[in-house]
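>>> okay, predicted coordinates and the sequence, questions at the end:
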Amino acid sequence: MSRRSLTLIIFTICAVLIGVGTTLAYIVASTREVKNTFTVGDINITLTETTGDTYGILPGATLKKDPVITVKGGSEACWLFVELSHTADIKNYIVYELADGWTALEGKPDIYYRNVGKTDSDIRFSVLKNNSVTVSDTVTEEDMSFIHTDPTLTVRGYAVQRDNITTPAAAWDAVISVKGE
């Protein structure tokens with residue numbers, strides 16, 4: 001066999017292999033990419049009051065007091081709480097009611113809650129009915145002389161995610177565990 005014949009045979013085999021290789025078809029499929037982005041859920045609340053923080057006690061006086069809890073836009077669904085704590089003697093002199101929509105938490109005096117859905121915009125909730133407290137009309141100067149410290153009413157707000165917490169009592173337990181009580 002001559003060199004020329006051998007070259008011709010090799011060339012022919014290569015041509016056949018290239019031809020066969022290019023005529024083979026593969027069935028291939030692919031999907032589009034699905035990209036998942038996870039963001040951290042959040043709850044943001046604020047407590048504001050525009051009427052000041054010092055009030056004179058005058059019998060029968062109605063005092064403007066307007067604490068407002070705002071659930072900020074972008075917050076997840078939550079259990080919203082308000083806690084009203086006070087010095088023991090103020091209950092003898094000051095009367096107030098909670099604004100509509102607040103529910104007393106069973107077995108927890110001075111703790112109130114509401115169920116708030118996820119929100120894209122700020123939602124404001126007044127704490128006190130008519131944004132005021134009333135001084136008892138039976139308070140006397142003698143009563144005042146027995147007060148050894150300035151009586152106080154303190155308002156504080158809390159919010160806990162609603163997802164995976166089915167009752168307000170369980171949500172309040174979560175608040176307590178964070179507060180460390």
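Thanks, I have the structure now.
>>> where exactly do the strands run in this protein?
With DSSP state E, the ranges of strands along the chain come out as 45-48, 62-64, 68-71, 78-86, 94-95, 103-104, 111-116, 123-126, 132-135, 153-161.
>>> lowest-confidence stretch among those strands?
Among these, strand 94-95 carries the lowest mean pLDDT, a mean of 86.
>>> contact partners of that strand?
The contact list for strand 94-95 (Cβ atoms under 8 Å, 6 or more residues apart in numbering) reads 57, 86, 133-136, 151, 153. No exception for glycine: its C-beta is placed from N, CA and C like everyone else's.
>>> roughly how far does Asp122 sit from Gly74?
9 Å (Cβ to Cβ, to the nearest Å).
>>> how about the helices in this protein?
Using DSSP state H, the helices of the chain run over residues 3-23, 141-145, 168-179.
>>> just to revisit the earlier point, let me have the contacts of strand 94-95 in JSON lines, adding neighbour count as columns.
Formatted as JSON lines, the contacts of strand 94-95 follow (neighbours: other Cβ atoms under 10 Å):
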{"residue": "Ile57", "neighbour count": "17"}
{"residue": "His86", "neighbour count": "15"}
{"residue": "Val133", "neighbour count": "20"}
{"residue": "Thr134", "neighbour count": "15"}
{"residue": "Val135", "neighbour count": "18"}
{"residue": "Ser136", "neighbour count": "16"}
{"residue": "Pro151", "neighbour count": "18"}
{"residue": "Leu153", "neighbour count": "18"}
